[in-house]
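Below are the sequence and a predicted model; questions follow.
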Amino acid sequence: MARSFQNYLGDLRESRVWQSIFRSGSGPSNLHRSQAIQQNLYLHLFSVKSRRSSLAIGVTWYLGTLSMVTFLILVATGIPLMLYYHPSVPQAYADMKDLQFAVSAGLFLRNLHRWSAHAMVLLVFAHMFRVFYRGAYRPPREFNWVIGVMLLLVTLFLSYTGYLLPWDQLAFWAITVGSNIMSAVPLLGPKIRFLTLGGNTVNANALLRFYVLHCVILPLAGGMLVGIHFWRIRKDGGLYSGKSGDESQPQVSQPHE
Amino acid sequence: MGLAVERVREMGRKLAALYRFLFGDSVRAFGSLSLILLVLLAVVPAKDYFREWIRIQSQYLKLIRNRGDAATLQRRFQGGLQQVWLPRLGVVDRCTTCHVALREASMADVSLQPFRPHPVIPHSLDQFGCVFCHRGQGAATTVEEAHSSTKAWEQPLLPARYLESSCGQCHQDAPPGTPQLNRGRKLLASYGCVNCHTLLTSSGLSPGGARMKATDDPPELTHIAQKTTREWIFAWLKNPQAYAGSATMPNFELSDADARDISAFLIDQSTPLGPAVEAKPPSSPPGADDPQAGATLYGESFCASCHAAQNAAGILTGGDVGPELTRVGSKVRPEWLLAWLRDPHQLDPNTAMPHYRFNDKQLGLLASFLESKTDSDFTANVHLEAATKEQIEHGRTLVNERGCASCHQINGIKRPDNFAPELTAVGSRPLAKIVFAPGVPYDLSSYLEAKIREPHSFGTAMKMPKFTLATSQVEALVTALLAQTDRGATVPADLRVAGHPESDYQPAGSAGKLMDDLRCFSCHSINGRGGDMAPDLTSEGSSVQRSWLLDFLKNPNTLRPALIRRMPRFNLTDAEAAALTDYIMTVYQTPAFDSASLPASSFTAEDREHGRQLFYSKYACQSCHIVDPNNDKGYIGPTLTVVGVRRTAAWIFHYLKDPQALRPATLEPNQHISGEDARALTAFLMAQTKAPPQQGGKK
Amino acid sequence: MSEKDKKFAAALDSDSRRTPVRLAFLTRRTSPHVSVKDEPFVMTWPDALFRIMVAAQLVAIALVLVSLLWDAPLEGLADPLQTPNPAKAPWYFLGLQELLHYFPPVVGGVLIPTLVVIALIVIPYFNVNIQAEGLWVRNKPQRLRMLAIVTAALTVFLAVLKVWALLAATLPMAALMAWSAGVTPDAPNRLRRWLFSKPLSFWIMTWFLIQAALLTIIGVYFRGAGWEWVWPWSE
């Protein structure tokens, strides 16, 4: 059974259709495996080879990976949620009720989005501390650390802007408390607050602003920074494995490059 | 034993093998985890499928399967999520998803919820949706969320006994279908709730709403020392209901010291009224005549129309316009009482009490009769020392604290504005803003009930006094308060039904002054102003004959002897009665017809005979009315034995044709009598002019 | 099937050392920096990617499970006139909100977070962080004096401002640092030895982490109406 399944899979891989999609071809040779990475737009961000030691769970705890996974879940759930959501007062709240009571699996979608958002904040923090304690910020990875700090801020703002969107008491007052802190900035405080909220109080304008930030600006910024973050991992010599002599090596040459 | 160990080990080995098979390397782990994830994701639509409302709908289909009307019900049943959506009112009510049979009148025999049909109401179910009246959460599709108070929705379903309150969100008139609401609104005014609490009736009238006015007529205290004693004030303050069970003054639960100081202050601030109250002895000493003469005069003057008093059996009888008089002799000073009976308007220009024109003898009789209504126990145990300055000052502080001036006029104390919380939107007050007393269920109606019943259970610092109210009164008040939602302001104007705006009609000239002196408007209503105790007089001039009216004003005899409340005799002079009659006959004419049409001379004997036949056979009027006291047995409508003396022919004619057009609230059925028949009946009735011979059986 | 019978490496055995295909193009013109180290490499596809996918699925399963079991919170419609007491920010800002309880808004809400972000950014640009030499390796007496002075100053400062939450983490931390200083690298206590090897940046970051966690936990669980202290189990 297993055998015939594998044969079947092999036939599929050799079909013209498959090969037109995955041009690298497939096979157990390292050439094929390299091509599987190189000739894929997304996988291209990875290097062809990875240090075996960096794959051990205890090294990274996969926290960066998991942060990215939660981000992808958030995008995947966020887009269908946008279909049901109006950034207006008080319709936004009514939409929450519709999601809960009328939309098929609407509540699950919202749950998954909300819990993933919390998980992402937690994971990104954990990632940062893990990277710090392993000393993975050392040259040549200094700038990637800085990008990481930016990504932490983007994550926090994404979560914070999303917090307002249900337009319930929890949302309204959490944002009110947060935005009041802004006005403590010397000189420019009230201006910054006005700019953020589109008014002097949390109102319909603030909801619209937060919606655009949450659904367009911050995800785009995050996506771009994540792209650079990943690319820099590779350009800075792959995942930091903590072995001596690894630092200060800008790039380990790879075959087929 | 060893076998068991071996088996456990074997099990362990098998489990380890299974683990290796499933998660042995990352490819296998990937495959296995993919499966687990897929299974979990498949739970999501499954969870949707097992939702409460789907189960309820299949329950309904099972319920109707074996009924006689199954075919109809099944055809009309619509499965899936149902909702009433009214964007104009912001209504999204999904209640009909489970309450599937609301419109199925044939399901009336079903008592199982949620399948009961909706009782018939004056509105279509689609006009307002469900939540507008019942509260609860319309968007929800689970029983818990839809019916109860949750974190996301504070308003639970309104208990059925308060449902009338929802009508009051739009209706400022008093619809006949909402007696409890109407009663509650009247109580808010008559118990003086709105003296302390601002309450805007938000619907209709003006953008901000009109402030509800109190109708409790609390007495001015500026001259109280002339009216009563400090001892009485003290006892009254301690427990007003001990003096008069029907008193609307609430019990402030004052300590002896506080009552002592307040009474001291009230006596101290009182100013003399002037020459009106002088100790004039009655010209004829009381009791000189028949000892029953005072009681007779009290009865003849129909004081009981407005004032209640306990009879010997302890039963309270009489009206509630004026104060209860059971123990009045313990309260008022004799010289004040005499002055009051002589002309109450001298002492209180705003009183509803008419100015009876009693002569000195009558005054003496009535005063001594009232003074005899005492209760020596009431002030027996009150012994007050002369008040000190500190006590008076403390009394002043207490009067300010307790807000006495919200209701009563007191020298040197300003009427406080907004003394108590505004109640305009109390019906939608957020529960989070309410401090609940321990043991009170967490919903608005329970809170209001508890607050009215036991204000002090919410903390001894609460200023609200305890009112003496029956359960039905409390529920009526809660109903009226629950009607004060903020919906009143958001409901589209065309859905609001404004109340009848209060008229400030004032009759002109000397007749107007006379009507004011007699306080006609305390009982009668004219052109939208006045009380509802006695008939509306707006078209009185068209409806009665001049001679009858003149006679009636001078000597109001019994129109309906069975009633306790009747027109009193004011002892008018001939000139006064004539002026009043002329005014009524000239001014209070209906525009609907000419009252001088159909003169009596136009009727022939045949007309009358034809009318008699119609009266007794075709329309069977005798089933409600009496024309011949010997044979007729109708007691529902007024007796018509002398109707020809009282009514104008034109009135009778038009009234017969369409009773409700002239008296909207009358019970008289509209029998669509033709003009010819009506004319004949009028001829017959106009012939009823002879007072019946006295029957032995008169009670 | 034994290892030797295989003609090809099994699908997962992509150790570039064992599998024979290995190419390197070296010309005279280009001389890429090839450092041959004793470091085993594996092919990213399939080794790394499958591991990543497994990790992704695990977190997805966990989140789906949580979402099936617990519903996201939703309260009543936003009402600007009705302030809940306490009004709390999202959990990750509650540490900040807790700071606002102790410091004026300019300090707690602006200065401290800005400094934290700046401090995080500059970490990799300081040689002392990069070299990461154990704090007590050199100049121990001088550094211990420094520790004592800083701790004393901080304690006085926090005590005057009554910031007990910060003090509660600072004092044990300083004690731990002093404790770890008193050993040689070959002392028998492993924990102590391990702590001895830690650089200053480790200590600062750990202090920050504990502080942030403590403040957040207090903000989430121990603050009630009027930001007064409440026990989470008292309700």
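Perfect, I can see it now.

Residue 26 - how many residues pack around it?
Just so you know, I chose chain A. 18 (other CB atoms under 10 Å in any protein chain shown). Heads up, the C-betas are built off the backbone N, CA and C, glycines and all.

that's the wrong chain, I meant chain B
So B:S26, with other CB under 10 Å, has 21 neighbours.

Contacts only, for it.
By CB atoms under 8 Å, 6 or more residues apart in numbering or on different chains, the contact list for B:S26 reads C:L12, C:P46, C:D47, C:F50, C:R51, C:M53, C:V54.

cutoff 7 Å now
Shown in contact with B:S26 (CB atoms under 7 Å, 6 or more residues apart in numbering or on different chains): C:F50, C:R51, C:V54.

Equivalent analysis for B:D320, please.
Residues in contact with B:D320, defined by CB under 7 Å, 6+ apart, are B:S246, B:A308.

If we use 8 Å, what do you get?
B:S246, B:C306, B:A308.

Could I get the contacting residues of B:T397?
By CB under 8 Å, 6+ apart, the contact set of B:T397 is empty.

Please tell me how far the strand or helix carrying it is from the chain's geometric centre.
Take DSSP states H and E as the rule and B:T397 turns out to sit in helix B:389-402. Centre-to-centre, helix B:389-402 and its host chain are 35 Å apart (CA atoms, centre = their mean, to the nearest Å).

and B:A432, how far is that from chain A?
In this view, B:A432 and chain A are 9 Å apart by CB to the nearest CB, to the nearest Å.

returning to what we had before: could I get the buried residue list for the helix holding B:T397?
B:Q391, B:I392, B:H394, B:G395, B:R396, B:L398, B:V399, B:R402 (16 or more other CB atoms under 10 Å in any protein chain shown).

from those, which is closest to chain C?
Checking those against chain C with CB to the nearest CB, the nearest one is B:R402 at 29.7 Å.

close enough to count as contact, the closest one and B:K463?
Yes: the criterion here is CB atoms under 8 Å, and B:R402 meets it with B:K463 at 6.6 Å.

What is the subsequent helix or strand relative to the helix or strand bottoming out on mean pLDDT in chain C?
Lowest on mean pLDDT, DSSP states H and E among the helices and strands of chain C sits helix C:127-131, with a mean of 79. Per DSSP H and E, the first helix or strand lying C-terminal to helix C:127-131 is helix C:140-160.

which other residues reach that next one?
Outside helix C:140-160, the residues that touch it by CB under 8 Å, 6+ apart are C:L135, C:W136, C:W164, C:L166, C:L167, C:T170, C:L171, C:A174, C:M177, C:A178, C:A181.

give the contact list for the fifth one.
Under the criterion of CB under 8 Å, 6+ apart, the contact list for C:L167 reads C:T155, C:L158, C:A159.

Tell me where the model's unsure across the chain.
As the question left the chain open, I've gone with chain A. Low-confidence segments of chain A (pLDDT under 70): A:1-3, A:25, A:242-257.

wrong one, I was asking about chain C
In chain C, residues with pLDDT under 70: C:1-38, C:184-186, C:235.

which residues in the chain form strands?
Defaulting to chain A. A:49-51 (DSSP state E).

wrong one, I was asking about chain C
Here chain C has its strands, by DSSP E, at C:41-43.

sorry, back to before: of the buried residues of helix B:389-402, closest to chain A?
Proximity of those to chain A was ranked by CB to the nearest CB; the top entry is B:R402 with 37.0 Å.

residues in contact with the closest one?
Taking CB under 8 Å, 6+ apart as the test, what B:R402 contacts is B:F252, B:I262, B:K463, B:P465.

List buried members of the contacts of helix C:140-160 by neighbour count.
Buried among those by 16+ other CB under 10 Å: C:L135, C:W136, C:L166, C:L167, C:T170, C:A174, C:M177, C:A181.

mind checking the end-to-end distance for stretch B:660-674?
Using CA to CA, to the nearest Å, the end-to-end distance of stretch B:660-674 comes out at 16 Å.

my bad, should have said stretch B:399-406
Termini of stretch B:399-406 sit 10 Å apart (CA to CA).

what separates it from the chain centre, distance-wise?
26 Å.

Over to stretch B:455-474?
On CA atoms, centre = their mean, the centre of stretch B:455-474 falls 19 Å from that of its chain.

Could you give me the buried positions within that stretch?
Within stretch B:455-474, the residues that qualify as buried are B:P455, B:F458, B:M464, B:P465, B:F467, B:T468, B:L469, B:Q473, B:V474, counting by 16+ other CB under 10 Å.

can you check stretch C:210-219 too?
Here stretch C:210-219 shows C:Q211, C:A212, C:L214, C:L215, C:T216, C:I217, C:I218, C:G219 as buried, counting by 16+ other CB under 10 Å.

Setting aside sequence neighbours, what's the nearest residue to C:P124?
In space, and not counting its chain neighbours, C:P124 is closest to A:E142: 3.6 Å by CB to CB, 6 or more residues apart in numbering or on different chains.

In the chain, mark out all the helices, start to finish.
I'll assume chain A. Applying DSSP state H to chain A gives helices spanning A:2-14, A:16-21, A:30-38, A:57-60, A:63-83, A:91-101, A:106-133, A:142-164, A:169-182, A:189-197, A:204-212, A:218-235.

wrong chain, I was asking about chain C
Under DSSP H, chain C gives helices at C:49-69, C:94-102, C:105, C:112-122, C:127-131, C:140-160, C:164-181, C:190-196, C:200-221.
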